[in-house]
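Asks: The sequence and its predicted three-dimensional model are supplied below.
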Amino acid sequence: MIPLLLLACSPHTAPVQEPHETGVPEDTGEPRENTLRSPAEAEDLDPAEGLVRVALSAGSLRREIWDPTTGRIRVVEGYAFNGQVPGPTIRLQKGDILTVDIENELDQPTTVHWHGLSVPYEMDGVTWTNEGIPAGGSFQAVFTADEVGTFWYHPHHDSDRQVDLGLYGVVIVEDPAEPAADRELVIVLDADAEDPDSESTWEDTQTGVGSDPDLTHGAHGDAGSWLLNGLLAPTVELEVGERVRLRLLNASNSAYAWLDTTGMPVLARDQGLLAEEWLPERLLLAPGDRAELLWLPGPGGEAFQAWPYDRRGGDTQGPVQDLAVVALRGDGRAASMSFPHVFEAPTPDPGHTDVLWTFQGEEHTDTWMINGEQYPDVTIPVLAYGQEAIIEVRNLSATEHPFHLHGMSFEVLSEGGVAPQARLIEDTVNVPIHSAVRLRVLATNRGDWMAHCHILPHAHRGMMTVLRVE
């Protein structure tokens, strides 16, 4: 079986045709373009070396999701950055200074948070101490890209809804010293979940008959159907023997992507290259997680797949989903390629705890807390600048939670009491049911940093707190 993965190749969503006055998409009778490509990249408006300047505009977008199996189309009245979903990929070199001119064309406030990047507090895009970018307003974000890896941007105002409607994009920070693959595929996974307030229906392209969309997708971590760069079951075109670097992001609000990665080395996680090669048969990407893999396609080809995963218990019953159809050209041999994994031993756990956060809540009441408190009425732990701190996150609820810390990455000391074999640096880590993770943080970024579950409905309903670095 060819490894399961979501592959990507270039721009955004399927082309949107002009609607009739009834709102039913026009049926041209022609097959629709459904080839997976990497999202279009943001144009660098500053020619100077070491400086990158891009423009982002958050606005409304009417787009279509086409089901190649049934021929139905769902019209989504959503949001987008620069008129595309996912938003434009921002590409940088390590050490570049990035300037982003952000325009808010929505009818409500928004922000842009730089997930995984250690930006100055004023650039973090949270509304803890400000109101965000007002409707019709603008903001200029400026920071230096010090980390290397695959990161992303999304709102942190009404994020549960704004992210779900399409406001997200990828940030790539490259290290010129790393070897270059023949091709890079950027893939953003999003569960085909709907905001109940959005005006969208499925329409049959032949009859024009509509039906209500299923609004339960992702409600319990069940993706329903995965979209790859806004496309449903797209075709991936590859050459046998080419070396492909995959950059994956799970931008879903709540669904876990459990991918078949048989034969595909995992090169990197949230914060760049791993300290040693990792070759899992399956890879779990919680909401907010990223990973980079190496794909060396050989002769043959079949659909990419994802296994069903329920955040209330992990492996669950249900159909295996074909994420994409692989179209391989050529009949050569699979290529080979190596990346410079530099082994570092994990830091020994000192045994003490400086900050303890306990995740609590219940699905049936939709009440979510940290240490019995709901944001914004939270107790704020304080770290001194430069302090090394041990954070323990315990999960006492009956559902899994991806823990994310703003402003600083952390070393994973243990998961469920088990230490990693090599040093592991992350910014988002999943906390299984009735388990705990222990993390080591070096407080080198001053500010009030959000810490929260990245199942965004949980954060929206209180599972969020603040860590202060003075």
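Replies: Looks like it came in fine. Because the structure is a prediction, the values reported are computed rather than measured. Residues are numbered from 1 along each chain as shown.

Asks: and residue 382, how far is that from residue 353?
Replies: 15 Å (CB to CB, to the nearest Å). Bear in mind the C-beta positions are built from the backbone N, C-alpha and C, glycine included.

Asks: show me the contacts for residue 139.
Replies: 102, 104, 111, 112, 133 (CB atoms under 8 Å, 6 or more residues apart in numbering).

Asks: what stretches of the stretch 51-200 of the chain score poorly on pLDDT?
Replies: Scanning the stretch 51-200 of the chain for pLDDT under 70 picks out the ranges 193-200.

Asks: try 90 this time
Replies: 69-71, 127-131, 192-200 (pLDDT under 90).

Asks: any chance you could map the strands in it?
Replies: Counting by DSSP state E, counting those that start in this stretch, the stretch 51-200 of the chain has these strands, from start to end: 51-66, 72-81, 90-93, 97-104, 113-115, 138-144, 149-154, 169-174, 183-191.

Asks: which helices and strands sit right next to the fourth one?
Replies: This points to strand 97-104. Judged by 3 or more CB pairs under 8 Å, 6 or more residues apart in numbering; DSSP states H and E, strand 97-104 is in contact with strand 51-66, strand 90-93, strand 138-144.

Asks: Just the buried positions in stretch 132-143, please.
Replies: Across stretch 132-143, burial judged by 16 or more other CB atoms under 10 Å covers 132, 133, 139, 141, 143.

Asks: Per-residue pLDDT of residue 218, please?
Replies: Here, the pLDDT recorded for residue 218 equals 41.

Asks: domain ranges for this structure?
Replies: 1-340, 355-469 (automatic domain parsing).

Asks: tell me the mean pLDDT over the shortest one?
Replies: I take that to be domain 355-469. Mean predicted lDDT for domain 355-469 stands at 97.

Asks: distance between the ends of that domain?
Replies: 13 Å (CA to CA, to the nearest Å).

Asks: Pull the distance from stretch 236-243 to the chain's centre.
Replies: 24 Å (CA atoms, centre = their mean, to the nearest Å).

Asks: Please enumerate residues in contact with that stretch?
Replies: Stretch 236-243 is contacted from outside by 7-9, 35-36, 181-183, 185, 244, 294-299, 304, 324-335, 337, using CB under 8 Å, 6+ apart.

Asks: Now restrict the residues you listed to buried residues only.
Replies: Those of the contacts of stretch 236-243 that meet the buried threshold are 7-9, 36, 181, 185, 244, 294-298, 304, 324-326, 328, 335, by 16+ other CB under 10 Å.

Asks: Restricted to strands, list those.
Replies: When those are checked against strands (DSSP state E), the matches are 185, 244, 294, 295, 304, 324, 325, 326, 328.

Asks: I figured the first one was touching residue 244, is that so?
Replies: Yes. Here residue 185 lies in contact with residue 244, judged by CB atoms under 8 Å, at a distance of 5.8 Å.

Asks: what sits against residue 410?
Replies: Residues in contact with residue 410 (CB under 8 Å, 6+ apart) are 391, 425, 426, 427, 429, 439, 440, 441.

Asks: Neighbour-wise, which one of those leads?
Replies: With neighbours defined as other CB atoms under 10 Å, the most crowded of the contacts of residue 410 is residue 427; it has 26 neighbours.

Asks: So it sits against residue 404, correct?
Replies: Yes. If you go by CB under 8 Å, residue 427 and residue 404 touch, sitting 6.4 Å apart.

Asks: Give the residues shared as contacts by these two.
Replies: residue 115.

Asks: So for stretch 373-392, what gets flagged as buried?
Replies: Result for stretch 373-392 [16+ other CB under 10 Å]: buried residues 373, 374, 375, 378, 381, 383, 389, 390, 391, 392.

Asks: for stretch 51-69, same thing?
Replies: 52-54, 56-59, 61, 63-68.
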